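Chemist: here you go, sequence then predicted model.
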Amino acid sequence: MSALPVRVGFIGAGANTLARHIPGFRAIPDVTLAGVANRTLASSQKVATQHAIPKVFASWQELVADPAIDAVCIGTWPDTHAEITCAALASGKHVLCEARMARNVAEAQAMLKASQAQPDRVAMLVPSPFGLQVDAEIRALRERYFIGDLRQLVVFGLDDQFYDYSKNLHWRQDAQKSGLNALTLGILHETAMRWCPPTTKVLAQTHIFEPTRPDPHSDQNVPVTTPELVHVLSELEGNARGIYHFSGVALHAPAKQIHLYGSTGTIRVEFGPTEKIFVGRPGHPGMKEVEIPPQLVGKWRVEAEFIGAIRGEEPVRLTDFTAGLEYMKFTEAVARSAAAGHAVSLAETLGS
């Protein structure tokens, strides 16, 4: 019996779409790369030519309205995610939307509401790639109560991506495009959410060291409107507490990491091309790396999961719109706390 054919249209064909989504969908039997709408007609035609996509659309609205498209993959900046997602779902399309989910909680709530109004359509977010390799092993460690009761969560997201102030302003430094999410805060928090209880409250501070950057569209400097440094203290359901340290201007920083400190042990995850888990228990001389059997190492299968959900072969495990709203509440609470100078409950972000 042949699989249900699925015709996918691409709205926005940036780096992740070209590197992951187009090859990922092409590798699935009975999936057709049916059309593309990029920022300009010329760039759409270029992508279509390079990747043998038969139809070019002058706008995303035309692609969404086309009855020959079954599903859309949205790879635009976050400022358009909510509008395109809601329109696509209303047109009866399945939706795979790139992270970040949206600019703020209000937009994320609108996306969730639109998906709930179309329960027979699949609505999925591109999940955080951090932790995919080690996810099954960490879940198993947690289920075996390896660290006992979680007491402390520590998340490091340090790099030097914005260290060179002579470079043009990146869209991630423009709050109008990227929203209230800063650096890799949301994407690493999403990973931590897979292994930890929900966050209930945050106290944050942020900072911008260099207030302007060159404008990529003129010879002027323009304001940087998203933080270059983020510190967060958090409270989790139960008795655990969290610390987040993020920077985009940290030279020679350690690898991105998540630490789980519990009543009977510790788990440390280091992210890189190969993800590593280190564990320790009382009486151990130090942390020991966990050897994961190759067949249990997870991998990127976003496109396969999306198509599998459309075909009714599997559920969306990573990441549905409900989970996306949860990380959006976290990033908005962090932004609100930093602006107000006091702790903010995630419940306060509802209905914003």
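Modeler: Received it, and whenever you're ready, just let me know what you need.
Chemist: tell me the buried residues in the lengthiest helix in the chain?
Modeler: Secondary structure of the chain read by DSSP state H shows that its longest helix is helix 321-340. Under the neighbour-count criterion of 16 or more other C-beta atoms under 10 Å, helix 321-340 has 321, 323-338 buried. In this view, the C-beta of every residue, glycine as well, is placed from N, C-alpha and C.
Chemist: equivalent analysis for stretch 252-261, please.
Modeler: Quick answer for stretch 252-261 (16+ other C-beta under 10 Å): 256-261.
Chemist: of those, just say which sits nearest to residue 176.
Modeler: residue 256 (26.5 Å; C-beta to C-beta).
Chemist: tell me the contacts of that closest one?
Modeler: Counting by C-beta atoms under 8 Å, 6 or more residues apart in numbering, residue 256 makes contact with 130, 156-159, 184, 188, 270-272.
Chemist: how long is stretch 184-200 end to end?
Modeler: 20 Å (C-alpha to C-alpha, to the nearest Å).
Chemist: residue 178 - nearest residue in space that isn't next to it in sequence?
Modeler: residue 172 (5.0 Å; C-beta to C-beta, 6 or more residues apart in numbering).
Chemist: so the chain: which segments form each domain?
Modeler: 6-128+301-319, 135-299+329-347 (automatic domain parsing).
Chemist: can you give me the end-to-end span of the shortest one?
Modeler: Spelled out, that is domain 6-128+301-319. From start residue to end residue, domain 6-128+301-319 stretches across 20 Å - C-alpha to C-alpha.
Chemist: pLDDT weak spots in the stretch 101-250 of the chain?
Modeler: Applying pLDDT under 70 to the stretch 101-250 of the chain flags no residue at all.
Chemist: where exactly do the strands run in it?
Modeler: 123-125, 150-158, 199-207, 212-214, 221-223, 229-236, 241-247 (DSSP state E, counting those that start in this stretch).
Chemist: show me the contact partners of the last one.
Modeler: Strand 241-247 is contacted by residues 151-159, 182-185, 188-189, 192, 196, 199, 228-236, 253 when judged by C-beta under 8 Å, 6+ apart.
Chemist: tell me which helix or strand comes right after it.
Modeler: strand 257-262 (DSSP states H and E).
Chemist: looking at the domains of the chain, which one is packed in the most?
Modeler: Among these, ranked by average contacts under mean count of other C-beta atoms under 10 Å, first place goes to domain 6-128+301-319 (a mean of 20).
Chemist: where's it relative to the chain centroid, distance-wise?
Modeler: 15 Å (C-alpha atoms, centre = their mean, to the nearest Å).
Chemist: who's in contact with residue 203?
Modeler: 232-234, 337, 342-344.
Chemist: same check, this time on residue 234
Modeler: 153, 199, 201-203, 241-244.
Chemist: for these, which one is nearest residue 95?
Modeler: residue 199 (26.3 Å).
Chemist: distance-wise, check the closest one relative to residue 50.
Modeler: As judged by C-beta to C-beta, to the nearest Å, residue 199 and residue 50 stand 42 Å apart.
Chemist: ditto for residue 132
Modeler: 27 Å.
Chemist: what does residue 167 give?
Modeler: 27 Å.
Chemist: again, but for residue 267
Modeler: Taking C-beta to C-beta, one finds residue 267 at 43 Å from residue 50.
Chemist: likewise for residue 87?
Modeler: 27 Å.
Chemist: residue boundaries of the helices in the stretch 51-200 of the chain?
Modeler: 60-65, 81-90, 105-116, 135-143, 175-178, 185-193 (DSSP state H, counting those that start in this stretch).
Chemist: take the ones you listed and lay them out in a markdown table including distance to residue 312.
Modeler: Listed next are the helices of the stretch 51-200 of the chain as a markdown table, based on distance: least, C-beta to C-beta, whole Å:
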| stretch | distance to residue 312 |
| --- | --- |
| helix 60-65 | 23 |
| helix 81-90 | 18 |
| helix 105-116 | 17 |
| helix 135-143 | 23 |
| helix 175-178 | 35 |
| helix 185-193 | 26 |
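Chemist: ok, residue 134 - how many residues close by?
Modeler: 26 (other C-beta atoms under 10 Å).
Chemist: my guess is residue 282 contacts residue 264. True?
Modeler: Yes. In this structure, residue 282 is within contact of residue 264 by C-beta atoms under 8 Å, at 7.0 Å.
Chemist: hang on, the earlier thing: so which of the strands of the stretch 101-250 of the chain is nearest residue 278?
Modeler: Of those, nearest to residue 278 by C-beta to C-beta is strand 150-158, at 13.2 Å.
Chemist: check which helix or strand the residue lying farthest from the centre of the chain maps to.
Modeler: Distance to the chain centre peaks in the chain at residue 283, reaching 37.6 Å (criterion: C-alpha atoms, centre = their mean). Residue 283 belongs to no helix or strand when assigned by DSSP H and E.
Chemist: heads up, I number from 220, so please use that
Modeler: Understood, numbering begins at 220; the last thing we discussed is residue 502.
Chemist: check the gap between it and residue 365 for me.
Modeler: Applying C-beta to C-beta to residue 502 and residue 365 gives a distance of 14 Å.
Chemist: then residue 421?
Modeler: Relative to residue 365, and taking C-beta to C-beta, residue 421 is found at 27 Å.
Chemist: now residue 521
Modeler: 28 Å.
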